[in-house]
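1. Could you work out the structure for the sequence below:
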Amino acid sequence: MGDVLSEEGMDLLFRKARTHNVWLDKPVTDETLRQLYDLMKWAPTSANSNPARIVFLRSQQAKEKLRPALAASNVEKTMTAPVTAIIAYDLKFYEKLPKLFPHNPRMRDSFANSPELVEVTAKRNSSLQGAYLILAARALGLDCGPLSGFDNAKVDEEFFSGGEACKGCDQEFFPEGRLKSNFLCNLGYGDPSKLFPRNPRLSFEEACSLL
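-> Below is the predicted model of the structure:
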């Protein structure tokens, strides 16, 4: 039988973890973000494809570029968060498969020749990687505020179109039209005094079947 996480660890990752909207004035270091990625990268993905690409917005200038895409209810919580991660996916993730899936060289062409398979694989697996990002952040003592209330097209135009916002960007990472946003996740140290009572969840009997 494998090792089991302690009760305290389960509380940290699941039972006592909350979505935060109000943040303490405490920065998140670049080193912490690197540690976060080094944990989340172990997420399982189809053919070890790793389609997620993460853009960490830390500066006020970067956040201002995001502001017009946010739903009104998400502006304050996002603009005041120490970091906002754009979880995106690469529509040419298969170009990395010779490195990531070396025992089957033909896998690259299987995706390259099927755009529909690329889209569904990239979106599903980047979502899975994004969930691991949340767990990794919690494991490092960060709080998270994932959200989908934003205009994906505006985010993609601003950050992934190769336009004005990407002057000076690494064009290998920000090639025009290649990356698409999936969801956002605010990161930082939440203010526990601003939390509202936790909403209920479905019971096992309401959500699961044993066949």
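2. Longest strand in this structure, by number of residues?
-> What stands out as the longest strand in the chain, according to DSSP state E, is strand 179-188.
3. Look up how far residue 151 lies from the nearest residue to residue 91 once chain neighbours are set aside.
-> The spatially closest residue to residue 91, leaving aside those adjacent along the chain, is residue 178, at 5.4 Å (C-beta to C-beta, 6 or more residues apart in numbering). No exception for glycine: its C-beta is placed from N, CA and C like everyone else's. When C-beta to C-beta, to the nearest Å is the yardstick, residue 178 and residue 151 sit 19 Å from each other.
4. With neighbour numbers in mind, choose between the two.
-> A count of neighbours by other C-beta atoms under 10 Å puts residue 178 above the other of residue 178 and residue 151, at 18 against 14.
5. who touches the more buried one in this structure?
-> Residue 178 is in contact with 90-92, 160, counting by C-beta atoms under 8 Å, 6 or more residues apart in numbering.
6. now residue 37
-> Going by C-beta under 8 Å, 6+ apart, the list of residues near residue 37 reads 54, 136.
7. how about a cut-off of 7 Å?
-> With contacts defined as C-beta atoms under 7 Å, 6 or more residues apart in numbering, residue 37 is in contact with residue 54.
8. Please give the element, helix or strand, for it.
-> helix 30-40 (DSSP states H and E).
9. How is residue 103 assigned, secondary-structure-wise?
-> Under the three-state scheme (DSSP: H, G, I helix; E, B strand; the rest coil), residue 103 adopts coil.
10. ok, how many other residues are close to it?
-> 6.
11. now it: how far from residue 97?
-> The gap separating residue 103 from residue 97 is 11 Å, by C-beta to C-beta.
12. ok, now residue 6?
-> Residue 6 sits 37 Å away from residue 97 when distances are taken as C-beta to C-beta.
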